[in-house]
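S.K.: here is my input; please provide its structure:
(one chain, ligands or ions: 1)
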Amino acid sequence: MTPPSPAVGVLALQGAFETHARRLAELGADASLVRKPGQLATLDALVIPGGESTTFLKHLERAGFYDALNQFVHSKPVFGTCAGCILLAREVTNPQQPSLGALDIAVERNAYGRQNDSTILTAETTLPGGPLEMVFIRAPRITRISDNIEVLAKRDDSPVLIRQGRILASTFHPELGDDPRVHQLFLNIVRRSMS
Ligand code: GLN
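M.R.: Numbering: from 1, shown residues only. The predicted structure follows:
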């Protein structure tokens, strides 16, 4: 018997949410776009895409969304990419701003400077299948991680793909490359959390 498809929402307030949803659907998830806080109740997991974290915060302040999202990220599998990673972090700098604090890391926003606004790199990863291509867009840098965080890939010496139990985060955009391994890993985490 095939196991049921996990219901994975993609926060669709801004950013490349459709690209995430397509990739998740290709990998067998029941993917949906989340625009209202009430939709969170039916989901097994959520992706928070990239974009501008300050704009996200403004949208989330709309009635009830911040609280509902806060509750979700502290109890269910979540994958935050770039601005999504910033929203999940415990501490944000450059400048300081509020965040959900589910992931025990500190991040510095826009840390690679204007010259490096956008970069594609290939780096080693602990994921099976060899080096990973990574697309960075006005990326943050993870400047501190706690002991319970697993580092799955690095750029120079900074972690760029990390896992803390049921939470996965990347400072790059895995939905913009052709490689499905990061979304696949997330779906494995989601499926395990459901069994
Ligand atoms: N620079 C954005 C921020 O600080 C993140 C960029 C991205 O998500 N690609 O929120």
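
S.K.: in which helix or strand does the residue nearest the centre of the chain reside?
M.R.: By Cα atoms, centre = their mean, the chain has its centre lying nearest to residue 80, at 1.3 Å. For residue 80, the enclosing helix or strand under DSSP states H and E is strand 78-81.

S.K.: now that strand: average pLDDT?
M.R.: Per-residue pLDDT over strand 78-81 has a mean of 98.

S.K.: look up how far the ligand lies from residue 28.
M.R.: Using Cβ to the nearest ligand atom, to the nearest Å, residue 28 is found at 26 Å from the ligand. C-beta here means a position set from N, CA and C on the backbone, and glycine is covered the same way.

S.K.: typo on my end, it should be residue 102
M.R.: The gap separating residue 102 from the ligand is 17 Å, by Cβ to the nearest ligand atom.

S.K.: so which elements touch the strand holding residue 80?
M.R.: Packing contacts for strand 78-81, counted by 3 or more Cβ pairs under 8 Å, 6 or more residues apart in numbering; DSSP states H and E, involve strand 45-48, helix 83-88, strand 167-170.

S.K.: dump the residue contacts of residue 154.
M.R.: Applying Cβ atoms under 8 Å, 6 or more residues apart in numbering to residue 154 gives the contacts 123-124, 160.

S.K.: could you give me the average pLDDT of the longest helix seen in the chain?
M.R.: If each helix of the chain is counted by residues according to DSSP state H, the longest one is helix 181-194. Model confidence over helix 181-194, given as mean pLDDT, is 97.

S.K.: can you pull out the strands in this protein?
M.R.: For the chain, the strands defined by DSSP state E cover 7-11, 30-34, 45-48, 78-81, 89-93, 103-108, 118-123, 132-137, 141-145, 150-155, 158-164, 167-170.

S.K.: got CSV for these, with distance to residue 189 too?
M.R.: As requested, the strands of the chain are arranged in CSV below (distance: least, Cβ to Cβ, whole Å):
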stretch, distance to residue 189
strand 7-11, 11
strand 30-34, 15
strand 45-48, 8
strand 78-81, 8
strand 89-93, 19
strand 103-108, 14
strand 118-123, 21
strand 132-137, 17
strand 141-145, 18
strand 150-155, 11
strand 158-164, 8
strand 167-170, 6
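
S.K.: quick check: residues of the chain near the ligand?
M.R.: 50-53, 82-83, 86, 109-110, 137-138, 140 (Cβ under 6 Å from any ligand atom).
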